[in-house]
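Undergrad: Generate a structure from the sequence data that follows.
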Amino acid sequence: MERSERAKFKKELVSKLLYSYFKDQKTKVSGDAVIIMSEMLKIFVVEAAARTARQAFSEDSKSGDIDHFEKVLPQLLLDF
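TA: Prediction:
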């Protein structure tokens, strides 16, 4: 199984997340927008995990935890 096939976001969840930011209830979100947003979320999560692992490694830790994630989060958000 390829890595990208394992990590998936449910379309319903992504759609609800997108709709929660619109003020006008009549706003429509296309299926393509949901697919693109799902891919962006997947990339974001994978990148966050990779940066957390690198941070943990740089601190000679055997596993990444929330402290490592919090250290990489500001730069991660700026990059996205």
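Undergrad: mind checking how far the residue nearest to residue 62 when sequence neighbours are not counted is from residue 70?
TA: Leaving aside its chain neighbours, residue 62 sits nearest to residue 56 (7.6 Å; criterion: CB to CB, 6 or more residues apart in numbering). Bear in mind the C-beta positions are built from the backbone N, C-alpha and C, glycine included. Per CB to CB, to the nearest Å, residue 56 is found 12 Å from residue 70.
Undergrad: what do you get for residue 23?
TA: 31 Å.
Undergrad: Point out where this structure drops to low pLDDT.
TA: In the predicted model, the chain carries pLDDT under 70 at residues 1-7.
Undergrad: where along it do the helices fall?
TA: Along the chain, counting by DSSP state H, helices occupy 3-6, 11-19, 31-58, 66-79.
Undergrad: so can I have TSV of these showing mean neighbour count?
TA: Listed next are the helices of the chain as TSV, based on neighbours: other CB atoms under 10 Å:
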stretch	mean neighbour count
helix 3-6	8
helix 11-19	13
helix 31-58	14
helix 66-79	13
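Undergrad: how near is residue 18 to residue 68?
TA: According to CB to CB, residue 18 and residue 68 sit 30 Å apart.
Undergrad: Kindly report the same for residue 25.
TA: To residue 68, residue 25 is 40 Å away according to CB to CB.
Undergrad: same deal with residue 33?
TA: Residue 33 is 33 Å from residue 68, where distance means CB to CB.
Undergrad: can I get the CA coordinates of stretch 63-73 in CSV?
TA: Below are the C-alpha coordinates for stretch 63-73, written out as CSV (Å, rounded to 0.1, in the frame of the first residue of the first chain):
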residue,chain,number,x,y,z
SER,A,63,10.1,9.8,19.8
GLY,A,64,8.4,13.1,19.0
ASP,A,65,5.9,14.5,21.4
ILE,A,66,3.8,17.5,21.7
ASP,A,67,6.7,19.7,22.9
HIS,A,68,8.6,18.9,19.7
PHE,A,69,5.5,19.6,17.6
GLU,A,70,5.0,23.0,19.4
LYS,A,71,8.5,24.0,18.5
VAL,A,72,8.0,23.4,14.8
LEU,A,73,4.5,24.7,14.6
